[in-house]
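In: Here you go, sequence then predicted model.
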Amino acid sequence: MTLKTHNLGCLKGDRLLFSGLTLQAEAGMILRVAGGNGAGKSSLLRILAGLAAPESGSIEWAGRPVEADRDGFRRCLFYLGHAAAAHELLSPCENLRWACACAGEPQSDRNLYVALEQVGLTREMDMPLRMLSQGQRRRASLARLFLSAQRPLWLLDEPFAALDVDAVERVAQAVQAHCARGGTTVLTTHQDAPFSQAIASLDLGDYA
Ligand SMILES: Nc1ncnc2c1ncn2[C@@H]1O[C@H](COP(=O)(O)OP(=O)(O)OP(=O)(O)O)[C@@H](O)[C@H]1O
């Protein structure tokens with residue numbers, strides 16, 4: 001399924017971050033949104049996820065305007081924000097259980113364990129989040145990638161931030177596997193995207 005935007009514009013305060021943004025991300029595609037600090041990458045992903053309204057323009061998913069079926073669109077997407085929506089006093093396992101339940105996808109203990117295993121967090125899975133390093137916290141939020149195969153559209157804001165080489169590799173593989181099964185991924189990253197295949201790229205600076 002394809003995600004398209006037409007002439008999207010984003011205004012923050014009195015600053016037009018970008019305008020006239022027309023993009024197309026098809027099934028099987030990884031689209032990297034690039035741009036300097038403050039260019040509006042997170043703002044764009046929040047707009048694509050339906051968490052903020054654009055100043056202008058429109059968004060289409062699978063050939064239909066997203067406003068035509070907001071709930072259906074929401075069920076198709078997995079959005080990973082820059083800052084983790086997680087509780088400091090809960091463990092990675094508890095946070096993951098809670099996040100999946102809130103998304104309407106309660107998971108078995110076994111599934112939670114396997115997802116946390118994928119991000120190398122089984123030793124820390126029952127420790128309060130506040131006792132974990134930044135990279136371990138990021139791994140904890142990324143565990144949801146491994147429980148989101150059925151959501152065709154992944155919108156990932158800085159998925160590689162704070163991760164070590166091993167975790168970057170695991171996440172890149174998860175994204176590639178998602179696209180190999182026909183999923184679509186739009187992501188932001190400041191580092192060279194560590195994919196073994198060529199990916200599409202869009203520089204927000206071109207729309208400033
Ligand atoms: N409510 C607001 N009012 C005014 N400006 C805002 C508001 N929210 C965000 N901004 C500004 O919008 C700009 C874009 O922010 P955004 O987080 O989308 O950038 P980014 O490209 O993701 O940056 P980074 O690479 O640093 O994460 C920033 O300059 C930010 O200060």
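Out: Received it, and whenever you're ready, just let me know what you need.

In: Where do the strands of the chain begin and end?
Out: Secondary structure of the chain (DSSP state E): strands at 3-12, 15-21, 24-25, 30-34, 56-61, 64-65, 77-80, 153-157, 184-188, 200-203.

In: now the angle from the first one to strand 56-61?
Out: This means strand 3-12. Strand 3-12 runs at 150 degrees relative to strand 56-61, counting by axes from the mean of the first three to the mean of the last three Cα atoms, to 10 degrees.

In: Name the residues of strand 3-12 that are buried.
Out: The neighbour-count check on strand 3-12 (16 or more other Cβ atoms under 10 Å) flags 3, 4, 5, 8, 9, 10, 11 as buried. All C-beta atoms are positioned from the backbone trio N, CA, C, and that covers glycine.

In: what's the span of stretch 64-77 from first residue to last?
Out: By Cα to Cα, to the nearest Å, the extent of stretch 64-77 from end to end equals 15 Å.

In: Contact partners for the residue nearest to residue 145 when sequence neighbours are not counted?
Out: Once flanking residues are discounted, residue 145 sits nearest to residue 174: 4.8 Å by Cβ to Cβ, 6 or more residues apart in numbering. Neighbouring residues of residue 174 by Cβ atoms under 8 Å, 6 or more residues apart in numbering: 118, 142, 145, 146.

In: Distance of residue 166 relative to residue 34?
Out: 24 Å (Cβ to Cβ, to the nearest Å).

In: now do residue 197
Out: 17 Å.

In: Next to the ligand, which bits of this protein? Give me the list.
Out: Within the chain, the positions near the ligand by Cβ under 6 Å from any ligand atom are 12, 13, 17, 35, 37, 38, 39, 40, 41, 42, 43.

In: I'd say residue 162 and residue 134 touch.
Out: Yes. Assessed by Cβ atoms under 8 Å, residue 162 is found in contact with residue 134 at 4.6 Å.

In: Residue 166 and residue 34: which has the busier surroundings?
Out: Counted by other Cβ atoms under 10 Å, residue 166 and residue 34 do not tie: residue 34 has more neighbours, with 16 against 11.
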